[in-house]
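# Okay, predicted coordinates and the sequence, questions at the end:
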Amino acid sequence: MTRRKKMVERVTGLMDKPDRIRNIGIVAHIDHGKTTLSDNLLAGAGMISEELAGRQLFMDSDEEEQARGITIDSSNVSMVHTYGDKEFLINMIDTPGHVDFGGDVTRAMRAVDGAVVVVDAVEGTMPQTETVLRQALKEGVKPVLFINKVDRLINELKVDSTEMQIRLGRVIDKVNKLIKGMNEKAYNNGWKLDAAAGTVAFGSALYNWAVSVPFMQKSGVNFQEVYDRCREEDMKTLAKKSPLAQVLLDMVVRHLPDPIDAQDRRVHIIWHGDYESGVGKAMVDCDPKGPIALMVTDISFDPHAGEVATGRLFSGTLHRGDEVYVMGTAGKSNRLQQVGIFMGPERIEVENLCAGNIAAVTGLKDAIVGSTVSSQMEMTPFESLKHYSEPVMTVAV
Ligand code: GDP
């Protein structure tokens, strides 16, 4: 079996176990290191490297896959991460850092349940950090914090080890203040960031290392060692002893909710229909046997397959050939042609896909970004996507 086929098996083996899924977004002010972090996570989880490097070769040797039209989509990526003795499927939606793309952050936050907020250790929180954090909290998306570019504190600002820790503490306090100001209830209910509890990690995406308090306890690496190795320009050892992908993804698995946990809370924020109805209950329970309830959060174009709608499946199971309805259109059904998910940056077709996943489907000819799609002809649509940094601005489609 090729390495790729094994990976397909691992991914598809996890997608119908919602407790093993984490749907996350990485959010940041521009230049704080989101792209560098995302790339490193994918490489660290073994989802790119050989596969991407040898992609053309592989495609040439596997006509069936080629015929299916696998595409690279840089805005949605999935990876498998081992935590303890279990594997987890991490679905990551990319969010642009520039404020003009606020609408895209809004869409991404609808699809995910958790957010890794990246803040530059030197710059600290910036206006867009605030915007993206607000957006996450409005959507009921739980944040964890990654303080990036710690190497710059040491090597450019030349702070000492104590000052480094004081500055990191200040960034945490500032983000906590923002969370408290935006949603005090969530803050008091465990969303307050706490380094000791493990909801904060520090590191350098560029040099591929990170630490968190729980990981430091496990690995024996402490702040003094971090400081010394940065000073000695020996970050390679840090990357080996405390690899970025492992520390970050451990934090994601341990502290961000799975879809079952998240939907129980989030459905009450993003949907205001009858919670006692079949579809209402099924969404709250993330029930794969319920009616299909999908919210489209992105539409892209694939040269092989045409329009691909990406969205969060809150209840039910999608199969190729299913007849579904797009709310707000004439009531004629659309037939699902391809049902897929992401594996690394590739979209792969699957036989069926259950609630809690981020789906990529073709055949939804009447859908636009923001559409509610259901197997029921009538369903209360999801709340429309609003970009909260502006007064009331519905996302243009
Ligand atoms: P984005 O706009 O948030 O996606 O930021 P990028 O990932 O493109 O990073 C912006 C710049 O910061 C690039 O020049 C990166 O090489 C640099 N950068 C990212 N992470 C680090 C880091 O940990 N340390 C240092 N010194 N530079 C970094």
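Arrived safely, thanks for sending.
# Can you pull the residues of the stretch 1-150 of the chain lying near the ligand?
Contact residues (CB under 6 Å from any ligand atom) of the stretch 1-150 of the chain with the ligand: Ala28, Ile30, Asp31, His32, Gly33, Lys34, Thr35, Thr36, Gly97, Asn148, Lys149. No exception for glycine: its C-beta is placed from N, CA and C like everyone else's.
# and these, which are buried?
Listed as buried from those are Ala28, His32, Gly33, Lys34, Thr35, Thr36, Gly97, Asn148, Lys149; burial here means 16 or more other CB atoms under 10 Å.
# so what's Ala355 up against?
Ala355 makes contact with 18, 259, 263, 282-283, 286-288, 290, 293, 313-317 under the criterion CB atoms under 8 Å, 6 or more residues apart in numbering.
# at 6 Å what do you get?
Counting by CB atoms under 6 Å, 6 or more residues apart in numbering, Ala355 touches Cys286, Pro288, Leu313, Ser315, Gly316.
# do the same with Thr199
Val144, Leu193, His255.
# mind putting those in TSV, secondary structure and pLDDT included?
Formatted as TSV, the contacts of Thr199 follow (DSSP: H, G, I helix; E, B strand; the rest coil; pLDDT from 0 to 100):
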residue	secondary structure	pLDDT
Val144	strand	98
Leu193	coil	98
His255	helix	98
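# Buried members of these into ChimeraX, please.
Those of the contacts of Thr199 that count as buried under 16+ other CB under 10 Å are selected in ChimeraX with:
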select :144,193,255
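# follow-up on the earlier one: lowest-confidence one in the buried ones among the residues of the stretch 1-150 of the chain next to the ligand?
Ranked by pLDDT, these bottom out at Gly97 (50).
# picking that back up, strands - which of the contacts of Ala355 land there?
Among the contacts of Ala355, the ones falling in strands (DSSP state E) are Leu313, Ser315.
# returning to what we had before: out of the residues of the stretch 1-150 of the chain next to the ligand, which sit inside strands?
Within these, residues falling in strands by DSSP E are Ala28, Asn148.
# Could you list which of the residues of the stretch 1-150 of the chain next to the ligand belong to helices?
Using DSSP state H, Lys34, Thr35, Thr36 are the members of these that sit in helices.
# which one of the contacts of Thr199 is nearest the ligand?
Comparing these against the ligand with CB to the nearest ligand atom places Val144 closest, at 16.6 Å.
# Grab the nearest non-local neighbour of that closest one.
Excluding the flanking residues, the one nearest Val144 by CB to CB, 6 or more residues apart in numbering is Thr199, at 4.8 Å.
# nearest spatial neighbour of Asn76, skipping sequence neighbours?
Closest to Asn76 by CB to CB, 6+ apart is Phe342, at 4.9 Å.
# Surely that neighbour is in contact with Val80?
No - using CB atoms under 6 Å, Phe342 is not in contact with Val80, being 11.6 Å away.
# Neighbour count: these two, which is higher?
Phe342 (26 against 20; other CB atoms under 10 Å).
# would that one count as being in a helix?
No - counting by DSSP: H, G, I helix; E, B strand; the rest coil, Phe342 is not part of a helix but strand.
# Check the burial of the residue lying closest to Cys354 once chain neighbours are set aside by counting its neighbours.
Closest residue in space to Cys354, ignoring its immediate chain neighbours: Pro288 at 3.7 Å, by CB to CB, 6+ apart. Applying other CB under 10 Å, we find 19 residues neighbouring Pro288.
# Helix or strand with the lowest mean pLDDT in the protein?
helix 55-61 (a mean of 35; mean pLDDT, DSSP states H and E).
# Distance check, Thr372 against the ligand.
31 Å (CB to the nearest ligand atom, to the nearest Å).
# you'd agree that residue is up against Pro381?
Yes - using CB under 6 Å, Thr372 makes contact with Pro381 at a distance of 4.0 Å.
# where do the contact lists of those two overlap?
Met327.
# Among the contacts of Thr199, which one lies nearest to Val117?
Proximity of these to Val117 (CB to CB) peaks at Val144, which lies at 7.1 Å.
# Give the full set of residues in contact with that closest one.
Val116, Thr199, Met251, His255.
# Who does it form a beta bridge with?
In this entry, Val144 is beta-bridged to Val116, by DSSP bridges.
# so Thr106, which of the three states?
helix.
# ditto for Lys174
Using three-state DSSP, the secondary structure recorded for Lys174 is helix.
# Spatially, what comes nearest to it if we skip its sequence neighbours?
Thr125 (5.0 Å).
# What is the burial count for the one you found?
Around Thr125 there are 20 residues (other CB under 10 Å).
# Quick one: classify it as helix, strand or coil.
coil.
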